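Asks: Predicted structure and sequence below. I'll ask about it afterward.
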Amino acid sequence: MKKKLLAGSLAAVMAAAAFAGCSQGAQTKTAKEPAKKSETEVNLTRSGDEKVTLSFCWWGNQTRNDLTKKAVDLYMSNNPNVEIKVEFTDWTGYWDKLSAMAAGGNLPDIMQQDYGYLGSYQSSGQLADLSEFIDSGVIDTEKINKSVIDSSTIDGKCYGISSGVTALMMDYDKAIVEEAGVTIPQQMTFDELYDISQEIYDKTGARTYFDGGMNTLKYMARVNGSSLFEDINAGDDTSVKEHFALVEKFAQAEFAISPDVLAEKNPYVVETKPINDGTTWNDFSYCNQYISICSAAGRELGITMYPTVEGKDTKPMYLQPAAFLSVAETSRNKEEAAKFINWFINSVECNEILMAERGMPVNTDVSEAIKPKADPVAQVVFDYVAEVNTVAGSVDPPEPEGRAEVDDLCNSIVENLRYGDITVEEATESFMTDAKRILDEAAK
């Protein structure tokens, strides 16, 4: 219950941390002050000149990889006794790789963690407790709201520092939409999305992608005022059935991208998304990926909120940690890893390079300092997160162990639905039965 209460206040408070410039327990400074700090002031003094080697692993795309490597190079140039070896891959490959590294006892010193996986790695003893470094000041949280730290705190110990906040989005090709002569609302209903998709197809031939994965499934539970994993444990299939019904409805429409093309143009990999070449007019993702998606597409895209269901009183949109930086329990250089995380989160110079690619900075001064310097594409993300904050509800509690297997299960069932191999009723029964079994076995 404690975790849920903490999560309940996260969306509003994180948004305040990212934009209001005032966090709990700290006086606000002007945006100009942190910009004047040098890297010497940002970095903590080291004892001795011994050479330290750290490994840093993250998931990402080419844009994130290029920016992160540039930031790492800056850190090493200012800290010549530290060498950081980097490794990265796409989202799917990352978790396979991290799982194999964990099994071999050789997790990277610093790793990017996701809100949905943090609990699993913590419960298996793979993550170091960062609380001692927060308490000692190695990781400075003065300008980071306490609820940001609470989002990665389990049983009183902190296992990661959020690199930013993000929100679900639907992005779209502005030229195709303009050619079709339609207007995209700031938040439409699913029925409106269906009608708009048909009109766009009739006038331009561009097809529609409907995300049937876990993000939309969890979102549907939120539309109904619930949480997916609570529904699974309670045996309530209402939201699951509604979600799969939508997947089937959109898959059977003449405007839908075919499952064969969808398999070829993987929408979960930025560089292969079908919106890139105009195969589809729309796409679903998190807004911290917006900059990378625009870069891969070669043009600035429109952005709007996930659709909702007409007549629902809930607030399904939310803000959540974009990604955490965690330290492996097996690391021999935990303090050095913590120093790098401190710099990555709190350095204006670092975040002038990253420019909110992992989400809006959680340090209030950093956010204020870099926002005026954002290019037009990055500025879209700042404005979008501010807009979501006006309608955001509470973020869901951290997800249970077994979440990754449930994710795979959902994707498999959705693929069968798109090909017409199963019915909505069969999909619902299969998901509820197998998801409950997965969660029960993982909890043992």
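Replies: Noted; the coordinates are in hand.
Asks: For the residue lying closest to residue 314 once chain neighbours are set aside, what are phi and psi?
Replies: Nearest residue to residue 314 in three dimensions, chain neighbours excluded: residue 225, at 4.7 Å (CB to CB, 6 or more residues apart in numbering). Where you see a C-beta, it was placed from the backbone N, CA and C, and this is true even at glycine. The phi and psi torsions at residue 225 (degrees, to the nearest 10) take the values phi 70, psi 30.
Asks: For residue 300, list the residues it contacts.
Replies: Shown in contact with residue 300 (CB atoms under 8 Å, 6 or more residues apart in numbering): 174, 294, 376-377, 380.
Asks: Could you look up the SS state of it?
Replies: Following DSSP: H, G, I helix; E, B strand; the rest coil, the label given to residue 300 is coil.
Asks: got a pLDDT number for the closest residue to residue 189 other than its chain neighbours?
Replies: Spatial nearest neighbour of residue 189, excluding adjacent residues (CB to CB, 6+ apart): residue 310 at 4.6 Å. pLDDT recorded at residue 310 is 90.
Asks: I figured residue 310 hits residue 188, correct?
Replies: No - using CB atoms under 8 Å, residue 310 is not in contact with residue 188; the gap is 9.6 Å.
Asks: any idea how the chain splits into domains?
Replies: 2-166+321-389, 168-318+400-443 (automatic domain parsing).
Asks: ranking the ones you listed by mean pLDDT, which is last?
Replies: When the domains of the chain are compared by mean pLDDT, domain 2-166+321-389 comes last with a mean of 81.
Asks: From residue 379, how far out is residue 293?
Replies: 15 Å (CB to CB, to the nearest Å).
Asks: The two: which is more packed in?
Replies: Shown here are residue 293 and residue 379; by other CB atoms under 10 Å, residue 293 has more neighbours (24 against 15).
Asks: for that one, what are its contacts?
Replies: 171, 270, 273, 275, 283, 285, 301.
Asks: which two of those lie the greatest distance from each other?
Replies: Greatest spatial distance in the contacts of residue 293: 270 and 301, 12.1 Å, computed using CB to CB.
Asks: quick revisit: among residue 310 and residue 188, which residue is more densely surrounded?
Replies: Neighbour count, other CB under 10 Å: between residue 310 and residue 188, residue 188 has more, with 20 against 10.
Asks: residues in contact with residue 56?
Replies: 72, 84-87, 108-111, 340.
Asks: so can I have JSON lines of the contacts of residue 293 showing distance to residue 347?
Replies: Below are the contacts of residue 293 laid out as JSON lines (distance: CB to CB, whole Å):
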{"residue": "171", "distance to residue 347": "29"}
{"residue": "270", "distance to residue 347": "26"}
{"residue": "273", "distance to residue 347": "31"}
{"residue": "275", "distance to residue 347": "33"}
{"residue": "283", "distance to residue 347": "32"}
{"residue": "285", "distance to residue 347": "27"}
{"residue": "301", "distance to residue 347": "29"}
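Asks: Before I go, just wanted to say thanks for your time.
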